[in-house]
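**Student:** let me see the structure of the following:
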Amino acid sequence: MKKQKEYFELSIESLRILGRWAADCAERVLPIYEELNNDDPRPRDAINGIRVFADGGKRNAKLRVLALDAYRASLETKDLAASAAAEAASLAAATAYTHPLVDIQQTKHILGPAAYAALAIEIKKNNDPKYGDDEVRWAIDHVQNEICEILLKMPGRAEGKSRLDKIMYDLDIGLRNMQ
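**Tutor:** Have a look, this model is predicted:
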(Lines give C-alpha, C1' and ligand atoms only; values in the text may rest on other atoms or scores of the structure.)
Protein backbone atom coordinates (compact mmCIF):
# COMPACT_ATOMS: atom_id res chain seq x y z
CA MET A 1 0.00 0.00 0.00
CA LYS A 2 1.35 3.39 -1.03
CA LYS A 3 2.02 5.89 1.75
CA GLN A 4 -0.26 8.91 1.65
CA LYS A 5 1.41 12.31 1.23
CA GLU A 6 1.30 14.61 4.23
CA TYR A 7 0.89 18.36 3.76
CA PHE A 8 1.10 21.35 6.09
CA GLU A 9 0.03 25.00 6.00
CA LEU A 10 2.45 27.30 4.15
CA SER A 11 1.52 30.93 3.58
CA ILE A 12 2.59 33.09 0.66
CA GLU A 13 4.12 35.48 3.20
CA SER A 14 6.34 32.67 4.52
CA LEU A 15 7.43 31.93 0.94
CA ARG A 16 8.28 35.62 0.49
CA ILE A 17 10.44 35.56 3.63
CA LEU A 18 12.13 32.38 2.39
CA GLY A 19 12.68 33.96 -1.03
CA ARG A 20 14.31 37.06 0.44
CA TRP A 21 16.74 35.02 2.55
CA ALA A 22 17.50 32.69 -0.37
CA ALA A 23 18.22 35.70 -2.61
CA ASP A 24 20.54 37.14 0.03
CA CYS A 25 22.44 33.83 0.20
CA ALA A 26 22.71 33.40 -3.57
CA GLU A 27 23.62 37.00 -4.28
CA ARG A 28 26.72 36.70 -2.10
CA VAL A 29 28.28 34.34 -4.67
CA LEU A 30 26.92 35.89 -7.85
CA PRO A 31 30.29 37.61 -8.54
CA ILE A 32 31.87 34.14 -8.83
CA TYR A 33 29.58 33.41 -11.77
CA GLU A 34 29.73 36.86 -13.31
CA GLU A 35 33.54 37.01 -13.17
CA LEU A 36 33.70 34.27 -15.81
CA ASN A 37 30.32 34.76 -17.50
CA ASN A 38 29.86 38.53 -17.40
CA ASP A 39 27.71 38.58 -20.52
CA ASP A 40 25.17 36.11 -19.09
CA PRO A 41 22.48 37.78 -16.94
CA ARG A 42 20.44 34.64 -16.19
CA PRO A 43 21.54 34.03 -12.56
CA ARG A 44 21.22 37.74 -11.69
CA ASP A 45 17.81 37.84 -13.39
CA ALA A 46 16.70 34.87 -11.25
CA ILE A 47 17.78 36.65 -8.06
CA ASN A 48 16.07 39.86 -9.17
CA GLY A 49 12.93 37.85 -9.95
CA ILE A 50 12.71 36.27 -6.50
CA ARG A 51 13.31 39.69 -4.93
CA VAL A 52 10.32 41.07 -6.84
CA PHE A 53 8.22 38.18 -5.50
CA ALA A 54 9.59 38.66 -1.97
CA ASP A 55 8.63 42.32 -2.13
CA GLY A 56 5.01 41.49 -2.93
CA GLY A 57 5.10 40.52 -6.61
CA LYS A 58 3.11 37.68 -8.10
CA ARG A 59 4.27 34.09 -8.15
CA ASN A 60 3.98 33.59 -11.88
CA ALA A 61 5.33 31.57 -14.80
CA LYS A 62 8.04 34.16 -15.47
CA LEU A 63 9.65 33.33 -12.12
CA ARG A 64 9.73 29.64 -13.06
CA VAL A 65 11.38 30.54 -16.37
CA LEU A 66 13.99 32.66 -14.56
CA ALA A 67 14.77 29.75 -12.22
CA LEU A 68 15.12 27.32 -15.14
CA ASP A 69 17.26 29.77 -17.11
CA ALA A 70 19.66 30.15 -14.17
CA TYR A 71 19.76 26.36 -13.88
CA ARG A 72 20.69 26.11 -17.56
CA ALA A 73 23.43 28.68 -16.94
CA SER A 74 24.78 26.43 -14.17
CA LEU A 75 25.00 23.55 -16.64
CA GLU A 76 26.60 25.57 -19.42
CA THR A 77 29.48 27.18 -17.54
CA LYS A 78 32.70 25.19 -17.46
CA ASP A 79 33.78 26.38 -13.99
CA LEU A 80 32.54 24.35 -11.00
CA ALA A 81 32.39 27.33 -8.62
CA ALA A 82 30.50 29.41 -11.19
CA SER A 83 28.14 26.49 -11.76
CA ALA A 84 27.39 26.24 -8.04
CA ALA A 85 26.79 30.01 -7.87
CA ALA A 86 24.31 29.84 -10.76
CA GLU A 87 22.60 26.85 -9.11
CA ALA A 88 22.24 28.91 -5.92
CA ALA A 89 20.48 31.62 -7.96
CA SER A 90 18.25 29.06 -9.66
CA LEU A 91 17.22 27.49 -6.37
CA ALA A 92 16.64 30.92 -4.82
CA ALA A 93 14.13 31.74 -7.56
CA ALA A 94 12.51 28.33 -7.09
CA THR A 95 11.84 28.92 -3.39
CA ALA A 96 8.57 30.57 -4.36
CA TYR A 97 7.40 27.10 -5.43
CA THR A 98 8.29 25.23 -2.26
CA HIS A 99 5.54 22.70 -1.65
CA PRO A 100 4.02 22.35 1.82
CA LEU A 101 4.82 18.66 1.70
CA VAL A 102 6.39 16.60 4.46
CA ASP A 103 9.13 15.24 2.21
CA ILE A 104 12.92 15.26 2.38
CA GLN A 105 13.16 16.45 -1.23
CA GLN A 106 11.35 19.69 -0.35
CA THR A 107 14.12 20.60 2.08
CA LYS A 108 16.36 21.29 -0.93
CA HIS A 109 14.11 24.24 -1.79
CA ILE A 110 14.89 25.73 1.59
CA LEU A 111 18.53 24.70 2.03
CA GLY A 112 19.68 24.69 -1.60
CA PRO A 113 20.41 28.38 -2.18
CA ALA A 114 22.60 28.68 0.93
CA ALA A 115 24.22 25.26 0.43
CA TYR A 116 25.17 25.91 -3.18
CA ALA A 117 26.46 29.36 -2.21
CA ALA A 118 28.68 27.73 0.42
CA LEU A 119 29.85 25.16 -2.12
CA ALA A 120 30.66 27.89 -4.68
CA ILE A 121 32.83 29.77 -2.20
CA GLU A 122 34.52 26.59 -1.04
CA ILE A 123 35.39 25.53 -4.58
CA LYS A 124 36.61 29.03 -5.40
CA LYS A 125 38.90 28.89 -2.34
CA ASN A 126 40.69 25.72 -3.48
CA ASN A 127 38.08 23.37 -1.98
CA ASP A 128 38.88 24.50 1.55
CA PRO A 129 35.88 23.45 3.71
CA LYS A 130 36.57 26.29 6.15
CA TYR A 131 35.16 28.75 3.63
CA GLY A 132 32.04 26.68 3.02
CA ASP A 133 31.52 26.26 6.75
CA ASP A 134 31.87 30.03 7.22
CA GLU A 135 29.19 30.62 4.59
CA VAL A 136 26.88 28.11 6.30
CA ARG A 137 27.35 30.04 9.55
CA TRP A 138 26.54 33.30 7.74
CA ALA A 139 23.32 31.79 6.37
CA ILE A 140 22.30 30.50 9.80
CA ASP A 141 23.08 33.86 11.41
CA HIS A 142 20.86 35.64 8.89
CA VAL A 143 17.87 33.30 8.80
CA GLN A 144 14.40 34.35 9.97
CA ASN A 145 12.39 32.20 12.39
CA GLU A 146 9.67 31.59 9.79
CA ILE A 147 12.16 29.72 7.63
CA CYS A 148 13.21 27.48 10.52
CA GLU A 149 9.54 26.80 11.28
CA ILE A 150 8.94 25.63 7.70
CA LEU A 151 11.97 23.35 7.86
CA LEU A 152 10.84 21.85 11.16
CA LYS A 153 7.69 20.56 9.44
CA MET A 154 9.86 18.46 7.11
CA PRO A 155 12.09 15.46 7.80
CA GLY A 156 15.72 16.12 8.72
CA ARG A 157 18.45 15.45 6.19
CA ALA A 158 21.02 12.68 6.51
CA GLU A 159 24.70 13.58 6.41
CA GLY A 160 25.24 11.86 3.06
CA LYS A 161 28.51 11.16 1.28
CA SER A 162 29.20 14.16 -0.95
CA ARG A 163 30.47 17.52 0.24
CA LEU A 164 27.18 19.12 -0.86
CA ASP A 165 25.26 16.58 1.24
CA LYS A 166 27.44 17.47 4.24
CA ILE A 167 26.87 21.20 3.72
CA MET A 168 23.10 20.65 3.47
CA TYR A 169 23.18 18.49 6.58
CA ASP A 170 25.13 21.10 8.57
CA LEU A 171 22.77 23.83 7.40
CA ASP A 172 19.72 21.70 8.22
CA ILE A 173 20.99 20.96 11.74
CA GLY A 174 21.95 24.60 12.29
CA LEU A 175 18.55 25.93 11.23
CA ARG A 176 16.65 23.35 13.25
CA ASN A 177 18.66 24.27 16.33
CA MET A 178 17.66 27.94 15.99
CA GLN A 179 14.25 27.14 17.48
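
**Student:** tell me which element the most centrally placed residue in the chain falls in.
**Tutor:** A centroid search over the chain (C-alpha atoms, centre = their mean) returns residue 113, at 1.7 Å, as the residue closest to the centre. Element membership for residue 113 (DSSP states H and E) is helix 107-124.

**Student:** state the mean pLDDT of that helix.
**Tutor:** Averaged across helix 107-124, the pLDDT comes to 97.

**Student:** C-terminal to that helix, what's the next element?
**Tutor:** Assigned by DSSP H and E, the successor of helix 107-124 is helix 129-141.

**Student:** tally of neighbours for the closest residue to residue 18 other than its chain neighbours?
**Tutor:** Spatial nearest neighbour of residue 18, excluding adjacent residues (C-beta to C-beta, 6 or more residues apart in numbering): residue 95 at 4.8 Å. Any C-beta I mention is one placed from the backbone N, CA and C, and that applies to glycine too. Look at residue 95: counted by other C-beta atoms under 10 Å, it has 27 neighbours.

**Student:** do the same with residue 36
**Tutor:** Counted with other C-beta under 10 Å, residues neighbouring residue 36 total 14.

**Student:** I figured it was touching residue 82, is that so?
**Tutor:** Yes - between residue 36 and residue 82 there is a contact at 5.0 Å, judged by C-beta atoms under 8 Å.

**Student:** list the buried residues of stretch 156-164.
**Tutor:** 157, 163-164 (16 or more other C-beta atoms under 10 Å).
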